[in-house]
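In: one predicted model, sequence on top.
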Amino acid sequence: MSSAPIPLAVCAEMVFTDLPVVERASRLHELGFLVEIWDWSTKDLGALAGTGAVFSSMTGYLRGDLVTADGADAFVETAEESLRAAETIDAPRLNLHGTGLDTRGLPVRAGETATGADWVAAARTLERLAVLGERHGRVFTLENLNTAVDHPGVPFARARDTLALVRAVDHPHLRLNLDLYHAQIGEGNLIELVAEALPWIGEIQVADVPGRREPGTGEVHYPAIADALRRLGYTGVVAMEAWASDDSTTAVERFRTAFGG
């Protein structure tokens, strides 16, 4: 069992939303959290770096998909752009999805039922990304999503899907971003899922269900999950990717309490 505190990050896209994103990052840093962002191309990365915040992850591509020839090329090309951008804020992990998402979180290439050829193509694209990550000294993480509430139509969405792809590629610069909010909606059995996926996890994200609010507001007993993570020896980051149910300061402190921070 690990006795060290679990490193905690908060997604700056979803809290302190009345502030510019640079000020959100600064506030989270002052409160003792690592910081996550989404689309880096819309942000002043130099100003974010100037806050002194420590960044845990950012989105690792701008467009494309894992399966089609043109889509895969765009995915890899913009992933390489993202790797260069990550150097400015020294983000160690760059997050991916089963396909590009529009501003509503809907897939640019829908298809929840993937063919065998789709699986092979997706694995080959992810292999290309893992090699890029190794070259730049950073890790790409493939995030599971839910298709019932937030992201209908996304291919390779379930945690079982992302785990299968990461296992198939089997490269240290491609890991899982295991999002337990999405997994609770789509699959449940979270502690067993974490235990099975542990060797391939690069990061864990959390929010409560329903509503995608901070831990302690819904049905998931996150203190039990925190205990399981310590028992399993997990030493990576846990990030809150959740909307505040009330004020953001209270929300992030509830998150800290749930994970023993």
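Out: Yep, it's here.
In: the residue most central in space within the chain sits in which helix or strand?
Out: The centre of the chain sits closest to residue 177, judged by CA atoms, centre = their mean, with a distance of 4.6 Å. In the assignment (DSSP states H and E), residue 177 maps to strand 174-179.
In: who's in contact with that strand?
Out: With CB atoms under 8 Å, 6 or more residues apart in numbering as the test, strand 174-179 has contacts from 57, 93, 95-96, 126-127, 129-130, 133, 139-145, 159, 162-163, 166, 193-194, 197, 200-206, 241. All C-beta spots, glycine's among them, are computed from the backbone N, C-alpha and C.
In: show the buried residues in those residues.
Out: Buried subset of those (neighbour count, 16 or more other CB atoms under 10 Å): 57, 93, 95-96, 126, 129-130, 133, 139-145, 159, 162-163, 166, 193-194, 197, 200-206, 241.
In: narrow these to those in helices?
Out: In this view, these that belong to helices under DSSP state H are 126, 129-130, 133, 159, 162-163, 166, 193-194, 197.
In: residue 23: which of the residues you listed is nearest?
Out: Closest approach between these and residue 23, by CB to CB: residue 133, at 30.3 Å.
In: what sits against the closest one?
Out: 83, 94, 139-140, 173-174.
In: over to the closest residue to residue 19 other than its chain neighbours: give its phi and psi.
Out: Nearest residue to residue 19, sequence neighbours excluded (CB to CB, 6 or more residues apart in numbering): residue 27, at 6.9 Å. Dihedral pair for residue 27: phi -60, psi -50, per degrees, to the nearest 10.
In: just the pLDDT for residue 27.
Out: For residue 27, the pLDDT comes out at 98.
In: count of residues packed around it?
Out: 21 (other CB atoms under 10 Å).
In: quick one: it and residue 96, what's the gap?
Out: The gap separating residue 27 from residue 96 is 27 Å, by CB to CB, to the nearest Å.
In: quick one, strands of the stretch 151-261 of the chain?
Out: 174-179, 201-206, 238-240 (DSSP state E, counting those that start in this stretch).
In: mind listing residues that contact the last one?
Out: Read that as strand 238-240. 6-11, 34, 36, 56-57, 203-207, 214-215, 226, 229, 251-252, 255, 259.
In: list only buried entries from those.
Out: Buried among those (16+ other CB under 10 Å): 6-11, 34, 36, 56-57, 203-207, 214-215, 226, 229, 251-252, 255, 259.
In: my guess is residue 236 contacts residue 202. True?
Out: Yes. Counting by CB atoms under 8 Å, residue 236 touches residue 202, with 6.6 Å between them.
In: tell me the contacts of residue 61?
Out: By CB under 8 Å, 6+ apart, the neighbours of residue 61 are 75, 78-79, 82, 94, 96, 100.
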